[in-house]
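Trainee: predicted model follows, preceded by the sequence.
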Amino acid sequence: MKKAEVVFIPFPVPSHLISTLEFAKLLINHDNRLHITVLLMKQPHSTETDVYTKSLSTSDSINFINLPECTHPPNTDPRATFGTLFEVQKPNVKQAVSDLTNGEKCRHLAAFVVDMFCTTMMDIAKEFSVPTLVFYTSGIASLGLNLHLHTLHVRDNVDSTQFQQLTELATPTFVNPVPSYSLPGSVLSKEWEEIFMNYVGGLKNSDGIIVNSFEELESHAVQSFSSHSELAGLPIIYPVGPILTPEPETKNVVESDDIIKWLDDQPPSSVVFLCFGTWGSFDDDQIKEIAHAIENSGARFLWSLRKAQPKGVMAAPSEYTLSDLSLVLPEGFLDRTEGTGRVIGWAPQTQILAHPATGGFVSHCGWNSTLESVYFGVPISTWPLFAEQQTNAFQLVCELKIAVDIALDYRVELRGPNYLLTSDKIEKGIRSVLDNDEEFKIWVFWLSEPFLAERETRALQNCL
């Protein structure tokens, strides 16, 4: 049987890349008529995706092509890199797809599946006369908000300055008005406005949007796409989540085993896990506030603490050495908390959230982390940093009511954070997520793994 070829183009950062690849694997496992080729881009001077792509294996149904690394003038401004990376890769994508369709094992090209930020690649799909589906790595409510903001800009000429002046905004996919501080940073900044308009405009021009979410979690948002006049005429959405992001096999297995063994010795639901994603880091003053909060709370803890890069360097945080930690943490903190917690670097997040000792999660509210916490039934204390994380935090606390807030309006921009979050506020969030709010723990459990086992097959069948 000759298989149909589907070309995947993921965005080259771990939070997008891994969930896209997991979806690709699920797709071919559910339909043997498909063959998938993943075109892998690499950002200049970036190494954080290598650990994931090197562990990938080629099979009869999926293979990977590393596109040539394009060089262009170094720039510390992410807006410039974001805008140029895909344009310079277009000729390489076109050549790779031509080779697929004209080579010895040529297959019928059926579709492109591109990341939400790679919609400019629809131009290449049109040259080959095939449809383009977008893989959207955040939630359905967030998707609807972005589409609504784009419509307001095009239809009513509302720009970033006017969005900043709003107190709140009614939008179809949220029951409650969204406060301006929970809007994505890309619509509040004049510098990001053009990139936002191009990327969301691409979503509207696609042939369908595959979303890593599920109706049981975002029922109002899902229903609004068919019931609200503003959204009804847009591309159909396919909720296929929750697709979780497993840790790559090449990560530190010894360190991971040591962390899990420590958790094995802790009482059930007693540990708060603090982790802020691939790019999350803090300056020394904020680190000390977190440490004081942890110590004052008396909670058992696992704290994934990463070292920020120097100002002007666009790269993921690195690991602290033990001597570095002693300089940034309050004097004696590690000794005083030796019996109740651990400060770690990289964290095997899914394993930690799945462990019965984990009772709460202080999180940046990235969508992958949000899905993992819901799947494993671990309530969140919200501490968003950037991108759409403020929107996710608002949704968890005010819409779904399955989280408590440490902060909803904390935001890290190119110039740094908008304020210092004090230890008393952090401590309150830690205590609340571990000790009090039984109601939202029940709701999280209702949405967790035992109730989601059967829906994955249904979602993929709808997508196919």
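Mentor: On my side now, so go ahead.

Trainee: hey, let's count contacts and neighbours off CA atoms from now on
Mentor: Will do.

Trainee: tell me the confidence at residue 55?
Mentor: We have a pLDDT of 58 for residue 55.

Trainee: likewise for residue 9?
Mentor: pLDDT, read off for residue 9, is 96.

Trainee: what pairs with it across the strands?
Mentor: On the basis of DSSP bridges, residue 9 is bridged to residue 114.

Trainee: assess the claim that it and residue 115 are in contact.
Mentor: Yes. The pair residue 9 / residue 115 is scored as a contact, 6.2 Å apart, by Cα atoms under 8 Å.

Trainee: which strand or helix spans residue 335?
Mentor: Element membership for residue 335, per DSSP states H and E: helix 333-336.

Trainee: which positions within that helix qualify as buried?
Mentor: For helix 333-336, the buried set under the neighbour-count rule, 16 or more other Cα atoms under 10 Å, comprises 333, 334.

Trainee: residue 165 - nearest residue in space that isn't next to it in sequence?
Mentor: residue 180 (7.8 Å; Cα to Cα, 6 or more residues apart in numbering).

Trainee: check contacts around that neighbour.
Mentor: By Cα atoms under 8 Å, 6 or more residues apart in numbering, the contact set of residue 180 is 163, 164, 165, 166, 167, 168, 169.

Trainee: give me the pLDDT value at the first one.
Mentor: Just to be clear, that refers to residue 163. 86.

Trainee: and it, what element?
Mentor: helix 160-165.

Trainee: try residue 222
Mentor: Assigned by DSSP H and E, residue 222 falls in helix 219-227.

Trainee: for that helix, name the packing helices and strands.
Mentor: Contact partners of helix 219-227 among helices and strands, from 3 or more Cα pairs under 8 Å, 6 or more residues apart in numbering; DSSP states H and E: helix 140-156, helix 229-232.

Trainee: dump the ones you listed into CSV; add mean neighbour count and distance to residue 286 as well.
Mentor: Shown next, in CSV, are those (neighbours: other Cα atoms under 10 Å; distance: least, Cα to Cα, whole Å):
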stretch, mean neighbour count, distance to residue 286
helix 140-156, 20, 28
helix 229-232, 14, 41
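
Trainee: wait, which of those is closest to residue 416?
Mentor: helix 140-156 (23.9 Å; Cα to Cα).

Trainee: that closest one versus helix 219-227: what angle between them?
Mentor: Relative orientation of helix 140-156 and helix 219-227, computed by axes from the mean of the first three to the mean of the last three Cα atoms, to 10 degrees: 40 degrees.

Trainee: what does helix 140-156 contact?
Mentor: Contacts of helix 140-156 (Cα under 8 Å, 6+ apart): 136, 158-159, 171-174, 187, 197, 200-201, 204, 211, 213, 218, 221-222, 225, 230-231, 239, 388, 391-392.

Trainee: and the residue nearest to residue 165, backbone torsions?
Mentor: Main-chain dihedrals, residue 180, degrees, to the nearest 10: phi -60, psi -30.

Trainee: now the helix holding residue 335, how far from the centre of its chain.
Mentor: Averaging C-alpha positions (Cα atoms, centre = their mean, to the nearest Å) puts helix 333-336 33 Å from its chain's average.

Trainee: give the burial count for residue 414, as a bare number.
Mentor: 9 (other Cα atoms under 10 Å).

Trainee: so what pLDDT did it get?
Mentor: Per-residue confidence (pLDDT) for residue 414: 72.

Trainee: list the contacts for it?
Mentor: With contact set as Cα under 8 Å, 6+ apart, residue 414 has no partners.

Trainee: SS state for residue 392?
Mentor: Put simply, residue 392 is helix when judged by DSSP: H, G, I helix; E, B strand; the rest coil.

Trainee: and for it, nearest residue in space, chain neighbours not counted?
Mentor: Leaving aside its chain neighbours, residue 392 sits nearest to residue 365 (6.1 Å; criterion: Cα to Cα, 6+ apart).

Trainee: number of nearby residues for the one you found?
Mentor: 29.

Trainee: tell me the spacing between it and residue 171.
Mentor: The gap separating residue 365 from residue 171 is 20 Å, by Cα to Cα, to the nearest Å.

Trainee: number of nearby residues for residue 69?
Mentor: Counted with other Cα under 10 Å, residues neighbouring residue 69 total 16.

Trainee: and it, what are its phi and psi?
Mentor: phi -80, psi 120.
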